[in-house]
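J.: Based on what follows, work out the 3D shape:
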Amino acid sequence: MNAILWMLLLAPVPLMAQPADALSDDFIAFINKKDSIWTAGRNFPKNTTTADLKRLVGDKEAISYDTNSFDVRDRWPNCSDVISIIRNQGNCDGSWAFAPVSVMTDRTCIETEGQIKFLFSPEDIMTCCKRCKYGDDGCSGGRTLQVWNHWRIHGVVSGGDYNSKHGCKPYNESWSPKCNFNCTNSKYNTSYDDDKRFGRSFYRIDEDVYQIESELMMHGSVIAIFTVYSDFYSYQKGVYRHLAGQYVGNYVVRILGWGFDDGVPYWLCANSWGKDWGKLGGFFKVLKGGNECGIESKVMTARVTRRISAREKLVNPNSTSSTHRFIIRCHVAVVEISVLFSIFANKLF
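T.: The predicted structure is shown next:
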């Protein structure tokens, strides 16, 4: 009898099972019986479904990655071929257009799960976005913020590198200020207006390593304004940091990921000086975590939308006439004036 009593006393006590329904009274009581520093209670009606709760925070598959390294090409292998493209701006200060169109290309592929591999044209931006460029030609620098805005409002057509015969408007080292509202590639079968694709929104990323990493991991490549010193021209491999030479200017690059090289943290970046620059096929690594050459302070990117913008629905989207373009521009002007008026009104009142 005593032996049986001792066996009952020493037998393990079964743990209380966790209730399955996260909004049930039992589950709330289960939480409050825990040794916790917070209190649970009812915030949602009892008839709230699991699907309703998931919509509040999203129902996305968790992404696992090695925090020591990341490459957008590995994250989205079906877009690796277009993301790996290194553009060549030639003898022209055109990085302000080349880096954004590369990100447009990357993100269009990523957001369509590899279904659309559309090589955006820097030529189209450098000749047709007057607010983007400094001076009359496209090779004297430009404003990346206006590039994103131009993509959102007016759209950008396709176009490959110099003499590539790829897309609507291949690159032509845009010293000419003239904007051509037709495809310059005579062998391309799509009209200029029909070829345009549009961005949805653009935004800056905080000067924070984890914010930049998160953006890369969730949505793909970004651009960064990078301060160039004369020693950068001689970069071959390894993790770049400024050591010698004078300030040259600001340059826009594409960030694709991060990693460690012999224990040194770096951002993996893409140049637009062609594949023959350096020993990494046009890519380079720059010191990560200390805002080296301003690489982390001015990071921007954008989201993709469908090919035809809402503004173009005002007229026949297949029309290539000057009247079509005039109506679109008038509507855009009204929208922009309304935005400026709202800003001015807020400052007054």
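
J.: contacts and neighbour counts: CA atoms only from here.
T.: Noted.

J.: Quick one: the strands in the protein, in order.
T.: With strands called from DSSP state E, the chain shows them at 70-71, 199-205, 222-229, 239-240, 247-261, 264-270, 283-287, 299-304.

J.: Select, out of those strands, the one closest to residue 30.
T.: strand 70-71 (39.8 Å; Cα to Cα).

J.: quick one: contacts of that closest one?
T.: For strand 70-71, the external contacting residues (Cα atoms under 8 Å, 6 or more residues apart in numbering) are 217, 256, 257, 258, 259, 268.

J.: ok, back up a step: tabulate the strands of the chain in JSON lines, adding columns for mean pLDDT, distance to residue 121 and mean neighbour count.
T.: Supplementary listing: those in JSON lines, determined by pLDDT from 0 to 100; distance: least, Cα to Cα, whole Å; neighbours: other Cα atoms under 10 Å:
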{"stretch": "strand 70-71", "mean pLDDT": "96", "distance to residue 121": "24", "mean neighbour count": "20"}
{"stretch": "strand 199-205", "mean pLDDT": "90", "distance to residue 121": "14", "mean neighbour count": "17"}
{"stretch": "strand 222-229", "mean pLDDT": "95", "distance to residue 121": "16", "mean neighbour count": "22"}
{"stretch": "strand 239-240", "mean pLDDT": "96", "distance to residue 121": "29", "mean neighbour count": "19"}
{"stretch": "strand 247-261", "mean pLDDT": "95", "distance to residue 121": "16", "mean neighbour count": "20"}
{"stretch": "strand 264-270", "mean pLDDT": "97", "distance to residue 121": "17", "mean neighbour count": "22"}
{"stretch": "strand 283-287", "mean pLDDT": "97", "distance to residue 121": "20", "mean neighbour count": "24"}
{"stretch": "strand 299-304", "mean pLDDT": "92", "distance to residue 121": "16", "mean neighbour count": "23"}
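
J.: Could I get these in CSV, plus columns for distance to residue 41?
T.: CSV is the format used below for those (distance: least, Cα to Cα, whole Å):
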stretch, distance to residue 41
strand 70-71, 40
strand 199-205, 36
strand 222-229, 42
strand 239-240, 52
strand 247-261, 42
strand 264-270, 45
strand 283-287, 48
strand 299-304, 38
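
J.: The closest residue in space to residue 304 that isn't next to it in sequence: what's it in contact with?
T.: Distances taken as Cα to Cα, 6 or more residues apart in numbering put residue 199 closest to residue 304, at 4.5 Å, once the chain neighbours are dropped. By Cα under 8 Å, 6+ apart, the contact set of residue 199 is 104, 148, 151, 152, 153, 155, 302, 303, 304, 305, 306.

J.: now with 10 Å?
T.: Residue 199 makes contact with 104, 107-108, 148-156, 302-307, 309, according to Cα atoms under 10 Å, 6 or more residues apart in numbering.

J.: with the contacts of strand 70-71 in mind, which one is nearest to residue 282?
T.: For these, with residue 282 as the reference and Cα to Cα as the criterion, the closest is residue 268, at 10.9 Å.

J.: wait, doesn't the closest one sit right on residue 258?
T.: Yes. Here residue 268 reaches residue 258: they are 5.3 Å apart, a contact under Cα atoms under 10 Å.
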